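*Asks:* Return a 3D structure for these sequence lines:
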Amino acid sequence: MDRRARELTLAGESIISFAAGEPDLASPPEVVEAAIAACRDPRMHHYTSSLGLPELRAAVAESASAGSTNQITAANVLITSGTKQAVAHAFATLLDPGDEVLITSPYWVTFPEAIALAGGVPVVVPTEESRGFRVSVEELERYRTDRTKALLFVSPSNPTGAVYGETQMAEIGEWLLERGLWAVTDEIYQNFTYGNVRFHSLADLCPGLADQLIRFNGVSKSYAMTGWRVGWIIAPEPLVAAAGNLQSHVCGNISNVSQSAALAALRSGTGSVERMREIFSRRRQTILAALDRLPGVECPPPDGAFYVFPSVSGLLGREIAGRRVASSEELAGLLLDEAKVAVVPGEAFGTPGYLRFSYALADDQLEAGMSRIQRLLS
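*Replies:* Sure, this is the predicted structure:
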C-alpha cells in the first residue's frame, strides 16, 4: 500500500499515507553532523569488522545494560543493516529445517517470511481484541509441539500497539525457561509507550533466559533514522559469532557512515526521543478521536508504538461509493481509490477485518486524511 501510494504521488495524485511505519521527523542534528564527520574520516572509507564498529557495539551493550541486572558486553552485539536484517540473520542462524516458531497474530508482515526463508515453520497463535491482543501462557502451550524451538515475542506491538505488563511477561518468561524454548524479542518500539504504561524487557524480568534470548532493536524508530539502516542483535556470544559469520558472506560491514551516525544517536541521550514521544502521544489522541467519529469503526486505544488498529467489521458488506466492500483488503483499496488515503489492511498482519493506520505523519496530513475518510463514509 505504501508503494502504491508513492507511485500515485509521483503520478501527480494528492495521496495521504498512513501506511508507512516511519517517523515523519528529521534525524537529530547531532546524528547528521556525525555522519558528515565520518565522511571526512579516511578510516571510514574502508572495510571494517562485519560485526560492527567496536565503539558502536560497546554503546549498544551499555545502553541495553542500563538499569538492568542482566549485564551484556560488546561480544553479545551484532550490528546489522536495519532491524529487518537482524531478524533474518537471527532466524537463519537459530533454525534448522522444520523448526517451529510460535508467532502471535496480528504480526509484523516480515516475521513469518523470515522464519520460512530460514527453513522454519511459523505457527500462528491468534490473539483477541477483547484481551488487548495479548497472549496467555495457556494459549501458547496449546500451540506448542515437539518441533517448537522459539517464541517470537513483541511488546510494544506493530500493528496493534499492545504492551505487556510485568506479571504476564514474567509468566511467559518462566514458561519459556521451563520448556527450554528460545525467546526472540523485538524491542524496536521500546521508547514509545503512553499514559502510565511502561516498557519491560524479558531480559530484565527473567534473567535466567539470558542463554536462550535474542533481542532486536535499532535506531530507526526512536531517532527517526529509518533510512540510515542500522539495527542490531543482542544475543548469547555463540549466536552472535555465527550470525556475524553469516553477515560477513552476505554483505560484510554495515555502512561506516551510518554506524557513526547511530553511535552519535545513542550518545545524544533521550531528549530527542522524549520530544518525539510527546508528539506521537498528541497525534494518538487526535487519530483516536477521529476514528471514534467514523460509523462502523471501533478502535481500542493502543498503549505503545505509533499505530492504531481499528476493527472495520461494521463496514464490511456495506455499499460505499457505489462499491460493496466484502473485506478489509477491499476497503483499503477503496480508501486509496476514492479518498486518496493509504492504509494497510489487516490481512497483511494475519488478522482480517482490521486496518492499520500509522500516526507518525505530520499533524496537518493526519487531520486532512481522517477528514477525507469521514467524508467518504458519512
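*Asks:* which residues touch stretch 75-82?
*Replies:* 51-53, 56-57, 60-61, 64, 86, 89, 218, 220, 229-237, 240, 243-244, 247, 251, 254-255, 259, 262 (C-beta atoms under 8 Å, 6 or more residues apart in numbering). (Each C-beta comes from the backbone N, C-alpha and C, glycine too.)
*Asks:* Can you say which of the residues you listed are buried?
*Replies:* In the contacts of stretch 75-82, burial by neighbour count holds for 51-53, 56-57, 60-61, 64, 86, 89, 218, 220, 229-236, 240, 243-244, 247, 254-255, 259, 262, counting by 16 or more other C-beta atoms under 10 Å.
*Asks:* Can you tell me which of these end up in strands?
*Replies:* The strands in this structure, assigned by DSSP state E, contain 218, 231-234 from the buried ones among the contacts of stretch 75-82.
*Asks:* Of the residues you listed, which is the nearest to residue 299?
*Replies:* residue 218 (27.9 Å; C-beta to C-beta).
*Asks:* ok, and the closest non-adjacent residue to that closest one?
*Replies:* Excluding the flanking residues, the one nearest residue 218 by C-beta to C-beta, 6 or more residues apart in numbering is residue 231, at 3.1 Å.
*Asks:* One more: residue 87?
*Replies:* Residue 87's closest residue in space is residue 114 (C-beta to C-beta, 6+ apart), at 4.8 Å.
*Asks:* Poorly predicted segments of the stretch 101-250 of the chain, please.
*Replies:* Along the stretch 101-250 of the chain, no part satisfies pLDDT under 70.
*Asks:* Which residue ranges of it form helices?
*Replies:* 110-117, 137-143, 166-179, 202-205, 237-250 (DSSP state H, counting those that start in this stretch).
*Asks:* ranking the ones you listed by burial, who's on top?
*Replies:* Using mean count of other C-beta atoms under 10 Å, the stretch among those with the greatest mean number of neighbours is helix 202-205 (a mean of 21).
*Asks:* how about the CA coordinates for it, as PDB?
*Replies:* Presented in PDB, the C-alpha positions along helix 202-205 are these (Å, rounded to 0.1, in the frame of the first residue of the first chain):
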ATOM      1  CA  LEU A 202      12.200 -10.200  29.100                       C
ATOM      2  CA  ALA A 203      15.900  -9.700  29.700                       C
ATOM      3  CA  ASP A 204      15.200  -7.800  32.900                       C
ATOM      4  CA  LEU A 205      12.100  -9.700  34.100                       C
END
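*Asks:* which stretches of this structure form strands?
*Replies:* Under the criterion DSSP E, the chain contains strands at 16-17, 77-80, 100-105, 121-126, 148-154, 182-186, 213-218, 231-234, 307-308, 319-320, 323-324, 341-342, 344-345, 355-358.
*Asks:* any chance of the ones you listed in a markdown table, plus distance to residue 197?
*Replies:* Rendered in a markdown table, the data for these read as follows (distance: least, C-beta to C-beta, whole Å):
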| stretch | distance to residue 197 |
| --- | --- |
| strand 16-17 | 27 |
| strand 77-80 | 27 |
| strand 100-105 | 18 |
| strand 121-126 | 23 |
| strand 148-154 | 15 |
| strand 182-186 | 17 |
| strand 213-218 | 19 |
| strand 231-234 | 23 |
| strand 307-308 | 15 |
| strand 319-320 | 35 |
| strand 323-324 | 39 |
| strand 341-342 | 28 |
| strand 344-345 | 24 |
| strand 355-358 | 19 |
